[in-house]
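>>> my questions are about this predicted structure, shown below with the sequence.
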Amino acid sequence: QLQASGGGLVQAGGSLKLSCAPSGRTIANYAMGWYRQAPGKQRGLVASITKGGSTNYADSVKGRFTITRDNAKNTMYLQMNSLKPEDTAVYYCNVWGWVSSNYESYWGQGTQVTVSS
């Protein structure tokens, strides 16, 4: 199970910080990422981070969002600054990787982010 939290309602230009913590699993074993899905649109990658800490961002969020991981706290974060109404979506966290020769992938339940203009 992945617990995503930190969503909410914010005005344009504001900030939010999302958190994702898996229960019963160690994030150090996985690459991790945030996806989002707006009404009527497909789910798409927002940002990802490898086990080694390398990051990748969607062009639409570069320079505004920052993905980090704290293996000691077993938690991944997404710091979202300069939010825009088009960032409104349900945000999902995902972890994936090979563990003991088995490929694993888990999704969180999603957290709503709403940005008002």
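Good, I have the coordinates.
>>> residue 97 and residue 33 touch, don't they?
No: between residue 97 and residue 33 there is no contact under CB atoms under 8 Å: 11.2 Å. C-beta: built from backbone N, CA, C; applies to glycine.
>>> for the residue located most distally from the centre of the chain, give me the pLDDT.
Most distant residue from the mean C-alpha position of the chain: residue 101, 25.4 Å away (CA atoms, centre = their mean). Model confidence at residue 101, given as pLDDT, is 90.
>>> still on that earlier bit, which one's more surrounded, residue 97 and residue 33?
With other CB atoms under 10 Å as the criterion, residue 97 and residue 33 differ in neighbour count, and residue 33 comes out ahead with 22 against 16.
>>> name the next helix or strand downstream of the helix or strand harbouring that one, please.
Take DSSP states H and E as the rule and residue 33 turns out to sit in strand 31-37. Note on strand 31-37: by DSSP H and E, the next helix or strand toward the C-terminus is strand 44-49.
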